[in-house]
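In: Sequence and predicted structure are below.
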Amino acid sequence: MVEPEEDHEHSEMGDEERAELVGDLSDLAVYQALLEPSGVRGIVVDCGECEEPHFHDWALLRASLEQLLNDGHMRPHEPAYDPDPTSYVTWEYCRGYADGVTASESAR
């Protein structure tokens with residue numbers, strides 16, 4: 001997953017970074033379609049700065065990634081209010097879940 005830039009100087013996004021971000025948005029749509037029906041509300045990311053988990057609902061994460069793609073940076077946002085940690089999964093969990101679904105569909 002593309003991580004947001006930390007500084008306030010925003011350089012132009014390269015083709016490889018842009019392609020990775022478009023891929024992340026595509027993956028996010030798949031993950032949401034697969035996991036939201038089972039009650040997963042979004043993705044949790046461990047913050048390297050504050051060393052606390054950040055909980056992102058599907059729509060908030062999509063909006064943030066789209067803003068990064070369009071503007072080259074993300075605006076700060078308010079954290080989720082009193083999130084239930086059991087309703088959020090990691091990006092790696094999403095990837096593994098999607099791979100498992102794909103593998104089981106291919107085996108049929």
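Out: On my side now, so go ahead. Numbers count the residues shown, from 1 in each chain.
In: Residue 58 contacts residue 36, doesn't it?
Out: Yes: under the criterion of Cβ atoms under 8 Å, residue 58 is in contact with residue 36, at a separation of 6.5 Å. For the C-beta atoms, the positions are set from N, CA and C on the backbone; glycine is no exception.
In: of those two, who's got more company?
Out: Comparing residue 58 with residue 36 by neighbour count (other Cβ atoms under 10 Å), the higher total belongs to residue 58, at 18 against 13.
In: For the closest residue to that one other than its chain neighbours, give its distance to residue 18.
Out: With sequence-adjacent residues excluded and distances taken as Cβ to Cβ, 6 or more residues apart in numbering, residue 58 is closest to residue 32, at 4.6 Å. Summarising the geometry, the distance separating residue 32 from residue 18, computed by Cβ to Cβ, to the nearest Å, is 21 Å.
In: who has more neighbours, these two?
Out: Under the criterion of other Cβ under 10 Å, the comparison of residue 32 against residue 18 puts residue 32 first, with 20 against 15.
In: Alright, I will stop here.
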